[in-house]
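Trainee: sequence first, predicted model second:
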Amino acid sequence: MTKFMDVHHGMTGLTGDQLREAHEADLAIQDQEGVVFEHTWADPESGTVYCLSEAPDADAVQRIHERAGHRADEVHCVTLAL
């Protein structure tokens with residue numbers, strides 16, 4: 001499987017509870033697309049959220065986010081890491 005970093009914009013003022021709820025919504029259905037969401041970060045001031053996952057492809061990541069109610073603005077393949 002490949003690692004992906006996706007980015008959500010426009011989530012200004014997001015709380016820790018809201019971030020947790022959104023992440024749990026992804027986790028609840030991730031198996032249906034073979035996705036494993038590993039970690040999520042947010043900057044409530046800028047409204048930017050980042051999610052790290054492993055998935056068969058970027059479309060699978062996006063489908064989970066769409067079904068969970070928070071479509072990603074960007075999905076990037078990250079194949080090189082230290």
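Mentor: Received the coordinates, thanks.
Trainee: residues in contact with the helix or strand containing residue 40?
Mentor: Of the helices and strands defined by DSSP states H and E, residue 40 is found in strand 36-43. When contacts are defined by CB atoms under 8 Å, 6 or more residues apart in numbering, strand 36-43 is touched by residues 1, 11, 14, 19, 22-23, 26-27, 30, 48-55, 64. (Glycine included, C-beta is placed from N, CA and C.)
Trainee: how about a cut-off of 10 Å?
Mentor: Strand 36-43 is contacted from outside by 1, 3-6, 8, 11-12, 14-16, 18-20, 22-24, 26-27, 30, 48-55, 61, 64-65, 68, using CB atoms under 10 Å, 6 or more residues apart in numbering.
Trainee: again, but for stretch 54-70
Mentor: Outside stretch 54-70, the residues touching it (CB under 10 Å, 6+ apart) are 1-6, 8, 10-11, 21-38, 49, 51, 53, 71-77.
Trainee: ok, stretch 17-34 next?
Mentor: Looking at stretch 17-34 with CB under 10 Å, 6+ apart, the contacting residues turn out to be 1, 8, 11, 14-15, 35-37, 39-42, 44, 49, 51, 53-57, 59-65, 67-70.
Trainee: what comes up buried for stretch 43-51?
Mentor: Neighbour-count burial for stretch 43-51, with 16 or more other CB atoms under 10 Å as criterion, is recorded at 48-51.
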